[in-house]
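Asks: Provide a 3D model corresponding to the input given below.
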Amino acid sequence: MSQHVLLNNVEHRTLRVRAGHGAALGDAVMRALTFPAEFRELQAHYPIVFARDGEGRFVPLALFGLQEGENLFLEGERWDATYVPLSVRRQPFLVGISGEERLLHVDLGHPRVREGGGEALFHDHGGATEFLERVKSVLLALHDGVVATPAFIEALLEHDLLESFVLDVKLDDGSHNRLAGFHTIDEARLQALSGDALERLARDGHLLPVYMVLASMSRFRDLIERTNQRRAAGR
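Replies: I've put the predicted structure just below:
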């Protein structure tokens with residue numbers, strides 16, 4: 001169960017956080033939140049799709065698997081990709097907002113959090129460790145990216161560029177897998193946009209992320225191949 005608290009160097013002086021990867025550390029997930037400025041890095045590894053959040057708003061996601069609870073990039077304690085999304089790397093930390101101030105919080109209920117073993121957050125004199133400083137940089141980049149996302153989504157909706165899709169796959173073992181509930185860029189509508197509309201998308205910084213999403217769709221072939229390999233290995 002999540003237990004978010006404001007991080008401080010008094011109560012949490014001895015707190016430790018396990019780095020690395022593993023199912024026991026919360027990495028056995030099918031998807032992770034992302035943002036447009038991260039798409040260039042992501043598209044080389046993962047499909048980028050869109051889904052509605054709990055409030056009905058579209059959010060961009062990086063996909064790691066074809067079914068819930070499946071991370072095809074997780075190999076024991078190794079993440080088999082050269083880039084891991086910031087929303088995964090920031091765990092178990094998050095940013096809280098108080099007025100205009102951004103405050104660092106930690107989820108004490110996260111499996112990465114422990115009292116013994118792992119990365120220290122504070123030095124004996126109370127200063128932040130290098131590990132915590134890196135976490136802060138990740139969180140700030142993630143926060144800024146998430147804040148900028150609604151304008152991107154609004155532009156997509158304005159031009160009716162999101163379309164739902166269903167991916168039906170027959171795997172090598174004869175079984176079938178259906179992926180549904182996600183949206184992608186409607187390439188036909190994108191191609192039909194006027195020059196003025198495309199120019200405005202480019203000027204506002206939205207056109208490049210759109211093309212990154214389209215490029216990322218080829219990564220579904222990799223997810224299918226990884227699924228076939230795991231099935232063949234009996235995993």
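
Asks: C-alpha from now on. contacts and neighbour counts both.
Replies: Noted.

Asks: In three-state terms, how would Ile153 be classified?
Replies: Three-state call for Ile153 (DSSP: H, G, I helix; E, B strand; the rest coil): helix.

Asks: mind listing what it touches?
Replies: Contacts for Ile153 were tallied using C-alpha atoms under 8 Å, 6 or more residues apart in numbering; they are Phe58, Val59.

Asks: quick one: it from Ile185, how far?
Replies: From Ile153 across to Ile185, the span is 11 Å (C-alpha to C-alpha, to the nearest Å).

Asks: How about Arg221?
Replies: The gap separating Arg221 from Ile185 is 18 Å, by C-alpha to C-alpha.

Asks: out of these two, which sits in the busier spot?
Replies: Using other C-alpha atoms under 10 Å, the more surrounded residue of Arg221 and Ile185 is Ile185, with 22 against 11.

Asks: my guess is the more buried one contacts Val213, does it?
Replies: Yes. In this structure Ile185 lies within contact range of Val213 using C-alpha atoms under 8 Å: 7.1 Å.

Asks: Which positions in the least confident helix or strand in the chain by mean pLDDT come out as buried?
Replies: Least confident helix or strand of the chain, by mean pLDDT, DSSP states H and E, is strand 93-98 with a mean of 85. Neighbour-count burial for strand 93-98 flags Phe93, Leu94, Val95, Gly96 (criterion: 16 or more other C-alpha atoms under 10 Å).

Asks: and if you look at stretch 141-160?
Replies: If you call a residue buried by 16+ other C-alpha under 10 Å, then stretch 141-160 has these buried ones: Leu142, His143, Gly145, Val146, Thr149, Phe152, Ile153, Ala155, Leu156.

Asks: So which residues of the chain form helices?
Replies: Secondary structure of the chain by DSSP state H: the helices cover 39-42, 86-89, 130-158, 187-192, 195-203, 207-216, 220-232.

Asks: Could you figure out how far the third one is turned away from strand 93-98?
Replies: Per axes from the mean of the first three to the mean of the last three C-alpha atoms, to 10 degrees, the angle that helix 130-158 makes with strand 93-98 is 70 degrees.

Asks: that older thread, which residues are common contacts for Ile185 and Val213?
Replies: Common neighbours of Ile185 and Val213, counting by C-alpha under 8 Å, 6+ apart, are absent.

Asks: if I pick Phe152, what's in contact with it?
Replies: Counting by C-alpha under 8 Å, 6+ apart, Phe152 touches Pro36, His206.

Asks: Report the separation between it and Arg18.
Replies: 34 Å.

Asks: ok so, going back, turn the buried residues of stretch 141-160 into JSON lines, columns for distance to Arg189 and pLDDT.
Replies: Formatted as JSON lines, the buried residues of stretch 141-160 follow (distance: C-alpha to C-alpha, whole Å; pLDDT from 0 to 100):
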{"residue": "Leu142", "distance to Arg189": "30", "pLDDT": "96"}
{"residue": "His143", "distance to Arg189": "31", "pLDDT": "94"}
{"residue": "Gly145", "distance to Arg189": "26", "pLDDT": "96"}
{"residue": "Val146", "distance to Arg189": "26", "pLDDT": "94"}
{"residue": "Thr149", "distance to Arg189": "21", "pLDDT": "98"}
{"residue": "Phe152", "distance to Arg189": "16", "pLDDT": "98"}
{"residue": "Ile153", "distance to Arg189": "15", "pLDDT": "98"}
{"residue": "Ala155", "distance to Arg189": "13", "pLDDT": "98"}
{"residue": "Leu156", "distance to Arg189": "11", "pLDDT": "98"}
